[in-house]
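Visitor: Pasting the sequence and the predicted coordinates here, then a few questions.
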Amino acid sequence: MLVLLTLTAAFNFVDRQILGVLLEPIGQEFDMPDSMLGLLSGIAFAAFYAVLGIPIAALADRFNRRNIIVVCITIFSAMTALCGAAASFMQLFLARIGVGVGEAGTMPASQSILSDLYPVAERPSAMGLLASGGNIGLMLGLLIGGWVNEWYGWRVAFLVASVPGVLLATAIFFTVREPVRTTTPSKSPWLRETWDGIALVGRIVSVRRFVMGGTLYGLSAYGIHTWMPVYYIRYHDMSTGEAGTAISIIVGVLGGIGAVAGGMLCARLSRRDLRWNGWVPALAILISVPLLIAMLLTNNTWLALGLFVIPGILSSVYAGPTWSIVQELVPPDRRAMAASVYLLIYNLIGLGLGPLAVGIISDLYIPWLGEESLRWAMCTVLLVSFAGVAYYFQAARSVEKDLPIRP
């Protein structure tokens with residue numbers, strides 16, 4: 001089950017992140033400025049992905065989670081294929097909304113299932129592996145998008161990326177059974193349950209701090225990673241295939257290893273002290289940010305790639321500990337809802353505003369910085385990570401006190 005859910009997360013990210021390596025050719029075909037590309041890669045997807053996650057999570061807390069995952073995979077795969085058929089910016093914008101609608105339900109249901117299958121001591125490792133699915137998907141999306149675009153164009157790249165999800169949905173439907181829940185599903189009206197879930201996340205201090213830590217880091221991380229292929233294409237004269245390959249190895253392969261290793265390390269450390277669930281993400285971010293700034297400012301291609309290695313490894317270390325401790329801090333029958341509330345905030349602010357902020361700031365910097373505007377816009381958004389670090393350290397201070405709370 002863990003492997004299949006990790007693959008679900010991977011194909012989720014393939015369809016989500018393939019746009020990053022295709023932004024430059026899409027922008028050239030539709031003649032769009034960076035701000036419009038940021039809108040397409042950010043809020044077009046994130047708004048519906050985040051908002052619809054709430055009602056789908058309410059369904060996941062009471063109905064068959066396997067079936068919800070299967071339906072969602074099928075939807076986002078079909079809408080990815082439609083992205084390749086778009087004849088205008090508006091059609092592509094609407095298709096990306098459809099991808100967000102389909103992807104909204106997979107992660108809350110997946111986290112809920114794993115929380116039933118794994119005890120708290122083993123959960124950071126399981127969640128770390130689930131988080132590595134994002135790195136695997138990023139790797140595949142960049143490789144598929146980069147090279148298929150060079151060979152056949154960006155439209156065919158979307159079509160190729162849509163196929164694996166359909167196969168995975170079929171495999172899950174015919175081979176997986178819904179796991180036994182550790183608690184009886186709630187029978188209260190789902191709107192009231194939704195509001196109670198949102199209020200619960202806001203009421204527990206540590207949950208609130210972990211959510212804000214992950215969200216503020218996510219804003220800078222999505223802003224940087226979405227535009228990273230464009231950065232290497234513009235400033236280091238790489239093709240889409242070369243940029244996609246380089247980033248897929250660093251963030252996809254090495255980042256996936258880092259996500260799993262970080263989850264395992266945090267699981268071991270948190271057995272002695274739960275505060276490591278906050279300290280591990282904070283330290284990973286603090287190490288990464290200076291290296292990323294140096295990478296963005298250098299004109300030496302090999303140095304830029306070398307400086308990206310350690311931040312790439314550490315890019316998803318925060319996810320396993322954050323997801324795991326949030327699931328433990330809330331009652332078992334609110335786990336899918338808690339995950340969805342976190343993803344609502346994370347994706348609206350992080351995924352929605354991160355790429356958009358880079359695009360808008362890049363356009364604003366053009367009168368002063370000219371062609372250098374994008375790299376400085378990425379540096380500017382990267383500074384938001386330090387606010388995330390502060391929240392993680394605060395969360396570490398309160399987590400042990402909040403753990404027994406079961407409102």
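Guide: Ah, there it is.
Visitor: Show me where the stretch 151-300 of the chain has its strands.
Guide: Secondary structure of the stretch 151-300 of the chain (DSSP state E, counting those that start in this stretch): no strands located.
Visitor: Can you list the low-confidence ranges for it?
Guide: Scanning the stretch 151-300 of the chain with the threshold set as pLDDT under 70 gives 180-194, 196-197.
Visitor: Where do the helices of it begin and end?
Guide: For the stretch 151-300 of the chain, the helices defined by DSSP state H, counting those that start in this stretch cover 154-175, 190-203, 205-236, 240-247, 255-272, 276-297.
Visitor: Of those, which is nearest Leu40?
Guide: Distance to Leu40, taken as C-beta to C-beta, is lowest for helix 205-236 among the helices of the stretch 151-300 of the chain, at 10.2 Å. All C-beta spots, glycine's among them, are computed from the backbone N, C-alpha and C.
Visitor: next one: the closest one to chain centre, how far?
Guide: Here the centre of helix 205-236 is set off from its chain's centre by 9 Å, with C-alpha atoms, centre = their mean, to the nearest Å.
Visitor: before we move on, which element is the closest residue to Leu286 other than its chain neighbours in?
Guide: Of all residues not flanking Leu286 in the chain, Val389 sits nearest, at 5.9 Å (C-beta to C-beta, 6 or more residues apart in numbering). Using DSSP states H and E, Val389 falls within helix 385-402.
Visitor: repeat for Leu40
Guide: Going by DSSP H and E, Leu40 is in helix 34-41.
Visitor: helices or strands up against the helix or strand that that helix is followed by?
Guide: Remark: after helix 34-41, the chain's next helix or strand is helix 43-60, criterion DSSP H and E. Counting contacts by 3 or more C-beta pairs under 8 Å, 6 or more residues apart in numbering; DSSP states H and E, helix 43-60 is packed against helix 65-83, helix 89-103, helix 106-117, helix 190-203, helix 335-345, helix 352-369.
Visitor: ok, back up a step: can you tell me how far the residue nearest to Leu286 is from Ala221?
Guide: Val389 sits 13 Å away from Ala221 when distances are taken as C-beta to C-beta, to the nearest Å.
Visitor: Give me the more crowded residue out of these two.
Guide: Of the pair Val389 and Ala221, Ala221 is the one with more neighbours under other C-beta atoms under 10 Å, namely 27 against 20.
Visitor: How about the contacts made by the nearest residue to that one once chain neighbours are set aside?
Guide: Here the nearest residue to Ala221 in space, its sequence neighbours aside, is Ser315; by C-beta to C-beta, 6+ apart that works out to 6.5 Å. Listed by C-beta atoms under 8 Å, 6 or more residues apart in numbering, the contact partners of Ser315 are Asn135, Ala221, His225, Val251, Gly255, Gly258, Ser288.
Visitor: Go ahead and build a PyMOL selection from the buried members of these.
Guide: Buried subset of those, written as a PyMOL selection, criterion 16 or more other C-beta atoms under 10 Å:
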select buried, resi 135+221+225+251+255+258+288
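Visitor: coming back round to it: got the helices of the stretch 151-300 of the chain as JSON lines, with distance to Ser324 columns?
Guide: Formatted as JSON lines, the helices of the stretch 151-300 of the chain follow (distance: least, C-beta to C-beta, whole Å):
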{"stretch": "helix 154-175", "distance to Ser324": "23"}
{"stretch": "helix 190-203", "distance to Ser324": "15"}
{"stretch": "helix 205-236", "distance to Ser324": "10"}
{"stretch": "helix 240-247", "distance to Ser324": "27"}
{"stretch": "helix 255-272", "distance to Ser324": "8"}
{"stretch": "helix 276-297", "distance to Ser324": "7"}
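Visitor: Distance check, the residue nearest the centre of the chain against Ala60.
Guide: Closest to where the C-alpha atoms of the chain average out (C-alpha atoms, centre = their mean) is Gly134, at 6.5 Å. Going from Gly134 to Ala60 by C-beta to C-beta gives 19 Å.
Visitor: my guess is Leu219 meets Ile345, correct?
Guide: No: here Leu219 lies out of contact with Ile345, judged by C-beta atoms under 8 Å, at a distance of 10.7 Å.
Visitor: So between those two, which is more surrounded?
Guide: Using other C-beta under 10 Å, the more surrounded residue of Leu219 and Ile345 is Leu219, with 26 against 19.
Visitor: In contact with the more buried one: list those residues for me.
Guide: Ile349, Gly350, Leu353, Gly354, Ala357, Val381, Val384.
Visitor: give me every residue that touches Gly263.
Guide: Taking C-beta under 8 Å, 6+ apart, one finds Pro124, Ser125, Ala126, Met127, Gly128, Leu129, Ala131, Val317, Ala319, Gly320, Pro321, Ser324 in contact with Gly263.
Visitor: which residues are contacting stretch 244-255?
Guide: The contact list for stretch 244-255 (C-beta under 8 Å, 6+ apart) reads 21, 132, 135-143, 145-147, 225, 228-229, 232, 238, 305, 308-309, 312-316.
Visitor: Which of the residues you listed are buried? Put it as a ChimeraX command.
Guide: Burial among these is assessed by 16+ other C-beta under 10 Å; the matching ChimeraX selection reads:
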select :21,132,135,136,137,138,139,140,141,142,143,145,146,147,225,228,229,232,238,305,308,312,313,314,315,316
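Visitor: if we can go back for a sec, any chance of the helices and strands packed on helix 43-60 in JSON lines, with distance to Ala169 too?
Guide: Shown next, in JSON lines, are these (distance: least, C-beta to C-beta, whole Å):
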{"stretch": "helix 65-83", "distance to Ala169": "4"}
{"stretch": "helix 89-103", "distance to Ala169": "10"}
{"stretch": "helix 106-117", "distance to Ala169": "10"}
{"stretch": "helix 190-203", "distance to Ala169": "24"}
{"stretch": "helix 335-345", "distance to Ala169": "19"}
{"stretch": "helix 352-369", "distance to Ala169": "26"}
